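Participant: Kindly generate the corresponding structure for this input.
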Amino acid sequence: MKKSFLIGIPVRDFENPMSRLSNIISKEKRINLQKNLIFNLVNVFSIDKTKVFVISNDKNVESFCNLNGINIFSTRKNGLNVEIKHFLSLNKEYVYWSIVHADLPYITKHFARTWINLCENKKIVITASKDNGTPIFGGSIKFETFKYGKKSFEEHTKILTKNKTEYERVFHKEFSFEIDDEEDYLEFLRNKPRWYKKL
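Facilitator: Modelled structure (predicted):
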């Protein structure tokens, strides 16, 4: 079956992942948590119509993906926005696309399919994290002006509004909750997802 849906999961590196958690959990545990978050996201988004890639220029991330049968896209570009643009530009054969942050713990197969369905039926679908980041973003039309960084949700929606592009904001916690700081991590421990309980 021909794949129609492209999914990219950007991962910076395994040198110091989830650095804002360094006061409460060790580097080794943060690396393991990051790896298991990636495993879960690749698993839930992998269906017949999707092709899922981890996007990273880090050799340790690349080795991890190769060892575990995960598609890796190494752009050799510098900067998340340039890397994502390059990733999408070299994969134009896909009809639909989505960029998924690697620290989203609550996306299950059900919610992954819900998200895929939304992207297939809307021009652009987008979410906001508690600090106005963009945890997950996708759609059925091309988008190239990525503004990941501080308050990226506001930056992205400004561009969409300026271009008169219709978009739908999704408010489900599963698509907006990231393990970003100590408060998030403690909430995550209070409400452990099924994949984490199995570890």
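
Participant: what's the neighbour count on Phe64?
Facilitator: The tally of other residues near Phe64 (other CB atoms under 10 Å) stands at 21. Where C-beta positions appear, they are placed from N, C-alpha and C, glycine not excepted.

Participant: That one belongs to a helix?
Facilitator: Yes. Counting by DSSP: H, G, I helix; E, B strand; the rest coil, one finds Phe64 located in a helix.

Participant: how much space between it and His86?
Facilitator: Look at Phe64 and His86: by CB to CB, to the nearest Å, they are 21 Å apart.

Participant: What of Arg30?
Facilitator: Counting by CB to CB - Arg30 and His86 are separated by 27 Å.

Participant: For the longest helix anywhere in the chain, give me every contacting residue.
Facilitator: Scanning the chain for the helix with the most residues, using DSSP state H, yields helix 27-45. For helix 27-45, the surrounding residues in contact (CB atoms under 8 Å, 6 or more residues apart in numbering) are 7, 9, 11, 14, 16-19, 21-22, 25, 52, 54, 64, 68, 70, 100, 102-105, 107-109, 111-112, 116, 179, 193, 195-196, 199.

Participant: For it, give the mean pLDDT please.
Facilitator: Per-residue pLDDT over helix 27-45 has a mean of 98.

Participant: Tell me the strands beside the following helix or strand past it, with direction?
Facilitator: Scanning forward in sequence from helix 27-45 by DSSP states H and E, the next helix or strand is strand 50-55. Looking at strand 50-55 with DSSP bridges, its partner strands are strand 5-10 (parallel), strand 71-73 (parallel).

Participant: most tightly surrounded among these?
Facilitator: strand 5-10 (a mean of 22; mean count of other CB atoms under 10 Å).

Participant: can you list contacts of that strand?
Facilitator: With CB under 8 Å, 6+ apart as the test, strand 5-10 has contacts from 38, 41-42, 45, 49-56, 73, 80, 83-84, 87-88, 91, 94-102, 116, 119-120, 138.

Participant: The same query, at a cut-off of 6 Å, please.
Facilitator: Strand 5-10 has contacts (CB atoms under 6 Å, 6 or more residues apart in numbering) with 41, 45, 49-55, 80, 87, 91, 94, 96-100, 102.

Participant: any low-confidence regions in this structure?
Facilitator: Where the chain drops to pLDDT under 70, the residues are 1.

Participant: Leaving aside the residues adjacent along the chain, what's closest to Arg20?
Facilitator: Asp181 (4.7 Å; CB to CB, 6 or more residues apart in numbering).

Participant: So the one you found sits against Met18, correct?
Facilitator: No. Asp181 is beyond contact range of Met18, at 9.1 Å (criterion: CB atoms under 6 Å).
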